[in-house]
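> Fold the following for me, if possible:
(one chain, ligands or ions: 2)
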Amino acid sequence: MRYVSTRGQAPVLDFEQAMMTGLARDGGLYLPETVPAMTRDQIAALAGLRYEEVALRVVTPYIGDSFTQDELRGAIARAYAGFDHVSRAPLIELAPGHHLLELFHGPTLAFKDFAMQLIGQLFQLALKRSGQRVAILGATSGDTGSAAIEAFRGLDNVDVFIMYPHGRVSEVQRRQMSTPADANVHALAVDGNFDDCQARLKDLFNDHGFRDEVGLAGVNSINWARVLAQIVYYFTAATSLGAPAREIDFTVPTGNFGDILAGSIAKQMGLPIGRLVVATNQNDILHRALSTGEYRVGTVAPSISPSMDIQVSSNFERALWLAYGRDGSAIGQLMEELKSGGFTISQGALEHLRETYVSGRASEAETSAMIATIREETGQVICPHTAVAVKVAREHIRAGVPMISLATAHPAKFPDAVEDAVGIRPPLPPHMADLFARDERITRIANDAEAIKSLILERRTA
Ligand SMILES: Cc1ncc(COP(=O)(O)O)c(C=O)c1O
Ligand SMILES: N[C@@H](CCOP(=O)(O)O)C(=O)O
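Numbers count the residues shown, from 1 in each chain. Ligands and ions are numbered 1, 2, ... in the order given. A predicted model of the protein is given here:
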C-alpha cells in the first residue's frame, strides 16, 4: 500500500513511513493511494466477531509489508486489552431507530483511545526495529492530549510534548495531561486557542531542519494511522445493526474532521453508510462550509463542548482532496488562500462533498437542553459532545434507516456542563478516582513557534 500527500509534492511512502512521518513534508496529509474494497460477503462475515478480529481484518489491507500479521494481531490485542467493556465499542438503543455508539471505554475516557492505544503499540514495534528516538508533538483541545500521554508515557525512546489552549479545556482533561509523573511527558499550556496550537504544530513540522534534528513525530489525526484505527468501529457498529444487508446513517460530533473522515473511508471500502452527518457546536465552520460552499475561519468561541472548539479543521483537507479529484495543486492553492482567512469550494467539489456529508449545528442552549432531554427520556447521562451529535442526529433521522450517533467522551470528563444541565456530577471511574489529589506539572508557554522549539530542545530526554 502506497501513501500520497494531499498536496502532491511529498515522497510517496509505505504505511510505516507514513505513520512515523505524520505531516507530509509538503505540509499536506497522507492518504492511501487507493482505498481497498471489502466485498459484501467479507463485510457480512464481520458481524458478531470480537472487536479485535474486526480490527485485524479492516486494518490489514492498509499495512502492506510494514508489520507481519502476528505483529499486527499482537499490537491490536495489547491495544484494546485495557478497555473496560468486553465489546470495546458497545452500541445501545437510545430510541427506536436511534443508537449510541459508546466510544469512551478506553483508559482516558474518549474515542481517541481507539487509535492512540494502537498507534502506541505500532510505534513501539517500529522504534525497536529502527533504534530511532522521537519527540512526539501533539496539539489538543482536550482529549487527544491525554490519550497520547497514556499511550506513550514512560517509554525511554519517546518524549511527548502536548500543547493545549490555556484555560480552554475542562479541569478533568487538564489534570489527565498534567498529573502523569513520567519524565517523558510534557504538558504545555499555550496562550492561545486550539487552532493556534495546531498551527504551531504545523509550523514546527514544516521546519525540516528542526523536525529532523529532534525526530519529530505526530499523533494527531494528521497521522493517517489515527484515521485508520477509527474506521474499525464504523464496521462493528453497522454490521451489528444488519449491514451490509441494510443502509446505516451515522452522526459524528465533529471538530478536526478525523472521526467522520474515517466513516467516509469505511463507506468507500464498501460499508453501506447512507448519510454521514457532521454535527458541530457553535464553532460551526464545517456546517457553514457544507451549507454555503464558503470555508471562512471565524473566531473560536469557547463552548461547553470544548474538544470541538476548532475553526481550522485539519482533516477537511483530506475530504477536499477527494472532492477535488485528488488534485494536489488545487489543494495547495486552497491552503494558501486559507492563510488569508478562507476559500470558496468549487461547485463540483461541493456537490461531491454533499454526496457523502450532510451537516447541522447545536447552540450552547441546545446542547445543554439535549443532555437534559436524554436524561429524562432514557436515564442516560451523555457528554456535551455527544449531545451535539444527538441533537443534530434527531434532525436527520430517516424512516427505516438506523441512525448511530457517536458518543465520543465519557460525561465525567465534563462535570460542570453536565451538572448545569441535569444537576448531577458524573463520578470518575475507579482508576481516576484520585485525579484531583494528584500533583500537576504544567509549563505555560507563549503562542510562539520559537519558544516551543527551544523548550523541546531543552527538555527532550529521548
Ligand atoms: C469528545 C470529542 N468529540 C468530538 C471530537 C471531534 O472529533 P474530530 O476532531 O475527529 O472531528 C473531539 C475532538 O477530536 C472530541 O474530543
Ligand atoms: N478534539 C481534539 C482535537 C485534535 O484532534 P485530532 O483528532 O486531530 O487529534 C482533541 O481532543 O484534542
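> What sits closest to the residue in the stretch 51-200 of the chain positioned nearest to ligand 1 if chain neighbours are left out?
Closest residue of the stretch 51-200 of the chain to ligand 1, C-beta to the nearest ligand atom: Asp143 (3.4 Å). Every residue, glycine included, has its C-beta placed from N, CA and C. In space, and not counting its chain neighbours, Asp143 is closest to Ala110: 4.0 Å by C-beta to C-beta, 6 or more residues apart in numbering.
> ditto for Arg174
The nearest residue in space to Arg174 (C-beta to C-beta, 6+ apart) is Tyr164, at 7.2 Å.
> cool, Gly120 as well?
The nearest residue in space to Gly120 (C-beta to C-beta, 6+ apart) is Ala151, at 3.2 Å.
> same thing with Arg460?
Arg460's closest residue in space is Asp159 (C-beta to C-beta, 6+ apart), at 4.7 Å.
> Can you show me the CA trace of the strand or helix carrying the one you found as CSV?
Using DSSP states H and E, Asp159 sits within strand 158-165. Taking C-alpha atoms only, strand 158-165 is exported to CSV below (Å, rounded to 0.1, in the frame of the first residue of the first chain):
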residue,chain,number,x,y,z
VAL,A,158,9.9,8.8,23.1
ASP,A,159,9.2,12.2,24.6
VAL,A,160,5.6,13.5,24.4
PHE,A,161,5.0,17.3,24.2
ILE,A,162,1.3,18.2,24.3
MET,A,163,0.1,21.7,23.6
TYR,A,164,-3.3,22.6,24.8
PRO,A,165,-5.1,26.0,24.9
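> can you pull the buried residues of the following helix or strand past it?
Under the assignment DSSP H and E, the closest C-terminal helix or strand after strand 158-165 is helix 171-178. Neighbour counts over helix 171-178 (16 or more other C-beta atoms under 10 Å) mark Val172, Gln173, Arg174, Arg175, Gln176, Met177, Ser178 as buried.
> What pLDDT is listed against the fifth one?
Yep, that's Gln176 we're talking about. Here, the pLDDT recorded for Gln176 equals 98.
> Please tell me I have it right and it contacts Leu435.
Yes - using C-beta atoms under 8 Å, Gln176 is in contact with Leu435, at 7.1 Å.
> So for the closest residue to Trp224 other than its chain neighbours, what's the pLDDT?
Spatial nearest neighbour of Trp224, chain neighbours left out: Tyr30 (4.7 Å); criterion: C-beta to C-beta, 6+ apart. The confidence metric pLDDT takes the value 98 at Tyr30.
> Is Tyr30 in contact with Thr21, as I believe?
Yes - assessed by C-beta under 8 Å, Tyr30 is found in contact with Thr21 at 7.1 Å.
> In terms of neighbours, single out the busier of those two.
Tyr30 (27 against 23; other C-beta atoms under 10 Å).
> residues contacting Ala243?
Ile43, Leu271, Pro272 (C-beta atoms under 8 Å, 6 or more residues apart in numbering).
> Can you verify the second one is assigned to a strand?
Okay, so that is Leu271. No - per DSSP: H, G, I helix; E, B strand; the rest coil, Leu271 lies outside any strand segment and is coil.
> Quote the end-to-end distance of stretch 208-221.
20 Å (C-alpha to C-alpha, to the nearest Å).
> I meant to write stretch 30-43 there.
26 Å.
> got the contact list for that stretch?
1-6, 10, 12-13, 18, 21, 24, 57-58, 61-62, 224, 235, 239, 243-244, 265, 268-271, 318, 321-322.
> Just the buried ones out of the residues you listed, please.
Using 16+ other C-beta under 10 Å, the buried ones in the contacts of stretch 30-43 are 1, 3-6, 10, 13, 18, 21, 24, 57-58, 62, 224, 235, 239, 243-244, 265, 268-271, 318, 321-322.
> is it true that Glu52 touches Ile76?
Yes - Glu52 is within contact range of Ile76, at 5.0 Å (criterion: C-beta under 8 Å).
> who has more neighbours, those two?
Ile76 (23 against 16).
> mind checking how far the more buried one is from Gly341?
42 Å (C-beta to C-beta, to the nearest Å).
> and if you look at Leu406?
Taking C-beta to C-beta, one finds Leu406 at 30 Å from Gly341.
> So between the two, which is more surrounded?
More crowded of Leu406 and Gly341, by other C-beta under 10 Å: Leu406, with 29 against 10.
> Okay, angle between the biggest helix by length in the chain and strand 158-165 too, please.
Longest helix in the chain by number of residues, with DSSP state H as the criterion: helix 112-130. In terms of direction (axes from the mean of the first three to the mean of the last three C-alpha atoms, to 10 degrees), helix 112-130 departs from strand 158-165 by 150 degrees.
> Show me what counts as buried in helix 112-130.
112-127.
> Can you get me the start-to-end distance on stretch 355-369?
Using C-alpha to C-alpha, the two ends of stretch 355-369 sit 31 Å apart.
> Ok, stretch 339-351 next?
Per C-alpha to C-alpha, stretch 339-351 runs 24 Å from first to last residue.
> Can you report the mean pLDDT over the residues of stretch 232-241?
98.
> hmm, it in reach of ligand 1?
No - using C-beta under 6 Å from any ligand atom, stretch 232-241 stays clear of ligand 1, with a minimum separation of 12.6 Å.
> who's in contact with that stretch?
So stretch 232-241 is contacted by 43-44, 46-48, 51, 54-55, 58-59, 87-89, 91, 99, 101, 103, 114, 244, 248, 250, 262-263, 266, 271-273, 402, 404 (C-beta under 8 Å, 6+ apart).
> Going through those residues, which ones are buried?
Looks like the contacts of stretch 232-241 have 43, 46-47, 51, 54-55, 58-59, 88-89, 91, 99, 101, 103, 114, 244, 248, 250, 262-263, 266, 271-273, 402, 404 buried, using 16+ other C-beta under 10 Å.
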